[in-house]
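S.K.: Return a 3D structure for these sequence lines:
(chains A and B)
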Amino acid sequence: MKELLETILSPAFGYAILRVTTPILFAGLGAAVTELAGVINIGMEGIMLTAALAGVIVGALCESAAAGLAAAVAAGVLMALVMAYFSLNLKTDIILAGIALNLMASGGTVFLLYVVAHDKGVSSSLASPVLPQVRIPVIDQIPVLGEILSNHNVMVYVALLSVLVVSYFLYRTPYGLRLRAVGENPDAADSVGISVHQVQYVALIISGILGGFGGAHLSMGYVSWFARDMTAGRGFIGIAAQALGGQTPIGTLLASLFFGMTDALSNFMHFIGIPSEFVQMLPYLATVVALALYARRQVTRRARLARVNRPVEAGTGAAAEGD
Amino acid sequence: MNALLEMKRITKVYPNGVVANQSVDFSVARGEIHALVGENGAGKTTLMKVLFGLERADEGEVFYKGEKVDITSPSVAISHGIGMVHQHFMLVPSLTVAENVVLGLEPRRGISLDVKAAVRRTEELAEEYSLPVDAAARVEDIPVGMRQKVEILKALLRGAELLVLDEPTAVLTPQETVELFAALRNLRERGHTIIFISHKLREVKEISDRVTVMRNGRVVGVVRTAEATEADISRMMVGREVVFRVEKPPATPGRPVMRVEDLRLVTDAGKEVLKGVSFVVRRGEILGVAGVEGNGQTELVEILTGLRPPSGGRVLVDGEDVTGADPGTIRRCGVSHIPEDRMTYGAAAEATIRENLIADRCWSKRFNPRVLMSLKVVAEHGDALVREYDIRARSSATPVKMLSGGNIQKVVVARELSADPKVIVANQPNRGIDVGATEFIHRKLIEKRSSGVGVLLVSADLNEVMSLSDRLLVLYGGEVVALFPDASEVTEEELGLYMLGVKRMTPEEMAGAEAASAGGRADPSDAEARSPAVGGGAR
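M.R.: Here you go, the predicted model:
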């Protein structure tokens, strides 16, 4: 027990939490934006996975981490556009489109990996670059805080910055207002001339960019190679995080930190004899709980919309009224 | 007269063949409050949908400010200066009042939304038109009356000179209605023109300058409000059509089979929809419930059939208390239900006729002789009912969605009437179906009533309710305002006055009517059913 406490209280543990939280946070922010626009992005897992591979391959070919990052973001946006085209233009159920995207990414990345690196498991034969680590000038000198906050790869800071940027976008810009209106009552948005279609496209593209960042962090920062299915459910955990966080960027950050902590804990647990498999289960268990909360919220939201806009329950009569 | 809007020879036929507007001429003068009245289905809403670009007219022209305009979408209507406040609000609950008002026209500061400017703009507009709102409050937290003001402000911000309000008072308390009317008069003084859709004649009389009355898709008259009485307008709305009387043998009512006591319903929004409704349905009679739609009929039927629990009061079926019971339990007590919306509550569109016909009895031993369902018995049962109820289909294996409205209704009626009910609750049984099917269903209902079943017939169609009913009550504003012991002695005009709230009976008059209908028939079983203790014991 003493060992566990020592571990948890060590700066290294705090450092690990931030590192593992980052991909969840990117996925969560992306999912929050789409969810607020009324199109839940179930394909986040596939977006991150594809982006992770694209970053490794292009990074290795160009021998440039920046090129790798750009490729990861481009791949993320491309996947999001595929999702948008299927769900918004062709009117496929977005859940099914997302599942298809995830399965395609899972198989497709292995195929591409084999073509490029002649390996079906990991990309270690490719000399892929990693994103730079950042030493934060002043904070670096502070004893514990510096150890926790400094010397991460650049995506960790991009993620934290994204919380602020996404917050500003959603709650301080006209487009953010429209996006939230579209998600909550598309009829209202439509009635004042806002294109619901366009807003939802933009939301999915934003989630593609964030997912691209998340993928790049995984294969070019967290580790320096791509491994099959390396996202390991982080896209879904991100979706759960935004649900648990009530779709706000700050809430998503807190929920992501919670999931990140359970994840980091599992890496330390086996020291004290608790099977790490048990602790590794926790993020997923928490996900199930969060998704249940999410379902509840959907119900209350629909009820609220009906209550506010249809004060007299005109019942079936109004619907059938053809006059 | 300086006409702001002229709609000429507007004809609209819906794909299902319903003629909603037939060569309608409608003209509104600049700066007036013009009431558009008519019963449900008269074509008011369709006409306004054409004006606002939500429906395309098949024929006719629209002139606005003297010029011919082609309004293809709501955005086009808005750009011309036509605004509409729908009966169902178009608001985003979690956003503030100001955010809702400026949505789509947001003031900016750099790349940011200028929240202060939005609030200021909203407050200025609210001040200018005396429509006080709390600009910083979230829409979900403000009362209904204020939400409506937000909708009006939205239209005004977009430059609406002509405002269409679709039954704006339906959602308001009396106090809020007073405020709304003050605001509308103020708008008129500022040169705005208002089209006010309603079927509440008292309000029409109070607020409007002129009235256009529609009936059956046509305009039947335009009058200056000051020159017409409520009764005049009511007569125009209801019309003097010849009542199509159904041949029926005299009723021989027996003991009460359904008893409704002091039924109350308050919605989540706090609106009283039913305010203590009581009545009795006897064996072997058809009790008609007349009333303009939206006066509590839908909710009453939902409570009686178990689709919604009441806030207070009791429902007894054959002495058994079924208040708030689920639909299955109520059905097992002998209540059949012909719902007003057959595609939602009446039939499963994708399922076949024979499957729909066993929906309420698929568990019975008859269809499940051993382990599995006997498709042969299901088919025989379906074929027999298809023949008996003259359902026009290739076979009973045809999916219901392939049928016409009248035949779908016959499927529902066949199932409900063949369930061996003690009482049938029929809500708008002839809505949207052809004359032949209507007549057939009426005949079947009378047959059932003559064999001793109690029928509660809810209908906004005067012809239907007057020709079928033995006794008749009128529902207005969630209350029983009239009770006629003999439906054949009521004239349409008289009924219209009660339906529109112009007249109402005193409780004593109604008690007298009740006594008259029960006179000389006070058999002991009636007294028995009155006692809940006995009813409870019978369970």
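S.K.: can you pull the contacts of the closest residue to residue B:486 other than its chain neighbours?
M.R.: Of all residues not flanking residue B:486 in the chain, residue B:471 sits nearest, at 7.2 Å (CB to CB, 6 or more residues apart in numbering or on different chains). Every C-beta, even on glycine, is put in place using the N, C-alpha and C of the backbone. The contact partners of residue B:471, by CB atoms under 8 Å, 6 or more residues apart in numbering or on different chains, come to B:285, B:286, B:287, B:288, B:483, B:484, B:485, B:486, B:487, B:517.
S.K.: How about residue A:46?
M.R.: Residue A:46 touches A:79, A:98, A:101, A:102, A:103, A:104, A:105, A:106, A:235, counting by CB under 8 Å, 6+ apart.
S.K.: and what of residue A:211?
M.R.: A:26, A:27, A:30, A:44, A:47, A:48, A:51, A:76, A:79, A:80, A:235.
S.K.: now with 10 Å?
M.R.: The contact partners of residue A:211, by CB atoms under 10 Å, 6 or more residues apart in numbering or on different chains, come to A:23, A:26-27, A:29-31, A:41, A:43-52, A:72-73, A:75-77, A:79-80, A:204, A:231, A:235, A:238.
S.K.: returning to what we had before: let's see which of the contacts of residue A:46 end up in helices.
M.R.: Cross-referencing these against helices under DSSP state H gives A:79, A:98, A:101, A:102, A:103, A:104, A:105, A:106, A:235.
S.K.: tell me which residues in stretch A:297-307 are buried?
M.R.: Within stretch A:297-307, the residues scored as buried using 16 or more other CB atoms under 10 Å in any protein chain shown are A:305, A:307.
S.K.: how distant is it from the center of its chain?
M.R.: Counting by CA atoms, centre = their mean, to the nearest Å, stretch A:297-307 is centred 25 Å from the centre of its parent chain.
S.K.: check whether it contacts chain B.
M.R.: Yes - interface with chain B: stretch A:297-307 contributes A:301, A:303, A:304, A:305, A:306, A:307 (CB under 10 Å from any CB of the partner chain).
S.K.: Could you check the pLDDT of the first one?
M.R.: Which is residue A:301. pLDDT recorded at residue A:301 is 74.
S.K.: secondary structure element for it?
M.R.: helix A:276-309 (DSSP states H and E).
S.K.: What helices and strands are in contact with that helix?
M.R.: Contact analysis of helix A:276-309 by 3 or more CB pairs under 10 Å, 6 or more residues apart in numbering or on different chains; DSSP states H and E lists helix A:11-36, helix A:174-184, helix A:186-191, helix A:234-244, helix A:249-269, helix B:144-157 as its packing neighbours.
S.K.: The helix or strand encompassing residue B:441 and chain A, are they touching?
M.R.: Per DSSP H and E, residue B:441 falls inside helix B:435-450. No - if you take CB under 10 Å from any CB as the test, helix B:435-450 misses chain A, and the best it gets is 15.9 Å.
S.K.: can you pull the contacts of residue B:368?
M.R.: So residue B:368 contacts B:362, B:374, B:377, B:378 (CB under 10 Å, 6+ apart).
S.K.: how about the residues of the stretch 251-400 of chain B that lie near chain A?
M.R.: Contacts of the stretch 251-400 of chain B with chain A, taken as CB under 10 Å from any CB, map to B:265, B:267-271, B:273, B:293-294, B:297-299, B:301-302, B:307-308, B:339-345.
S.K.: Around chain B, which positions in the stretch 151-300 of chain A sit nearby?
M.R.: Counting by CB under 10 Å from any CB, the stretch 151-300 of chain A sits next to chain B at A:168-169, A:171-178, A:180-194.
S.K.: These, buried ones only, as a PyMOL selection?
M.R.: Filtering these down to the buried ones (16+ other CB under 10 Å) takes a single PyMOL command:
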select buried, chain A and resi 169+173+174+175+176+177+178+180+181+182+183+184+185+186+188+189+190+191+192+194
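S.K.: Confirm that residue B:104 lies within a strand, as I assumed.
M.R.: No - counting by DSSP: H, G, I helix; E, B strand; the rest coil, residue B:104 falls outside a strand, being coil.
S.K.: Determine the number of other residues adjacent to it.
M.R.: 20 (other CB atoms under 10 Å in any protein chain shown).
S.K.: and if you look at residue B:260?
M.R.: 23.
S.K.: That one contacts residue B:315, doesn't it?
M.R.: Yes - between residue B:260 and residue B:315 there is a contact at 5.6 Å, judged by CB atoms under 10 Å.
S.K.: where do the contact lists of these two overlap?
M.R.: In contact with both residue B:260 and residue B:315: B:300, B:303, B:304, B:323, using CB under 10 Å, 6+ apart.
S.K.: circling back: are any of the contacts of residue A:46 buried, and if so which?
M.R.: Listed as buried from the contacts of residue A:46 are A:79, A:98, A:101, A:102, A:104, A:105, A:106, A:235; burial here means 16+ other CB under 10 Å.
S.K.: quick revisit: out of the helices and strands packed on helix A:276-309, which comes closest to residue A:223?
M.R.: In terms of CB to CB, the element of the helices and strands packed on helix A:276-309 nearest to residue A:223 is helix A:11-36, at 10.5 Å.
S.K.: helix or strand right after the closest one?
M.R.: helix A:44-62.
S.K.: returning to that earlier point: taking helix A:249-269 as reference, get the angle to the helix holding residue A:301.
M.R.: 170 degrees (axes from the mean of the first three to the mean of the last three CA atoms, to 10 degrees).
S.K.: Many thanks, we can stop here.
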